[in-house]
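J.: Make a model of this:
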Amino acid sequence: QVQLAESGGGLVQAGGSLSLSCVASGSNFGINDMGWYRQAPGKQRELVAVITPGGAANYADSAKGRFTISRSNANNTVFLQMTSLRPEDTAVYYCNADLRATPRGRYYNYWGQGTQVTVSS
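T.: Below is the predicted model:
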């Protein structure tokens, strides 16, 4: 069984920094793209950043210049370094990964449980 476990959320003042991490555990025979999404109260879930196995990253406009996504393929982990945080960054942040759980199976999309990030003004 595949699990994505996020950690690192919390409360921070505007202008501060937080780092999130997410580890994929369980049956794993390959991970393609990994990413971070967020969902604020009353809003739809939105992409924050995504990274390929080779390290190519794409960011939402709101994250460019402030957030950095990275990954460790050896440790099945994806990170999100967030700086210059704003109150509008407040949301539940979800880890996402395309992962193959069997040796010859297809890749399926998995989600973590989410971690709360709250930025106070």
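J.: neighbours around Ser62, how many?
T.: 15 (other C-beta atoms under 10 Å). Every C-beta, even on glycine, is put in place using the N, C-alpha and C of the backbone.
J.: should've said Thr115
T.: Thr115: 22 neighbours (other C-beta under 10 Å).
J.: Report the beta-bridge partner residues of it.
T.: Tyr93 (DSSP bridges).
J.: any idea how far Ser27 is from it?
T.: 23 Å (C-beta to C-beta, to the nearest Å).
J.: Please apply the same query to Ser120.
T.: Here Ser120 is placed at a distance of 40 Å from Ser27 (C-beta to C-beta).
J.: More neighbours: which of the two?
T.: Higher neighbour count among Ser120 and Ser27: Ser27, with 14 against 11, using other C-beta under 10 Å.
J.: For the residue nearest to the spatial centre of the chain, which non-adjacent residue is closest in space?
T.: Geometric centre of the chain, nearest residue: Trp36, 2.7 Å, by C-alpha atoms, centre = their mean. Closest residue in space to Trp36, ignoring its immediate chain neighbours: Val48 at 4.3 Å, by C-beta to C-beta, 6 or more residues apart in numbering.
J.: same deal with Ser7?
T.: Ser21 is the one closest to Ser7 (C-beta to C-beta, 6+ apart), at 5.5 Å.
J.: Is Gly35 bridged to anything, and to what?
T.: According to DSSP bridges, beta-bridge pairing links Gly35 with Val50, Asn96.
J.: How about the contacts made by it?
T.: Leu47, Val48, Ala49, Val50, Ile51, Ile69, Val78, Cys95, Asn96, Ala97 (C-beta atoms under 8 Å, 6 or more residues apart in numbering).
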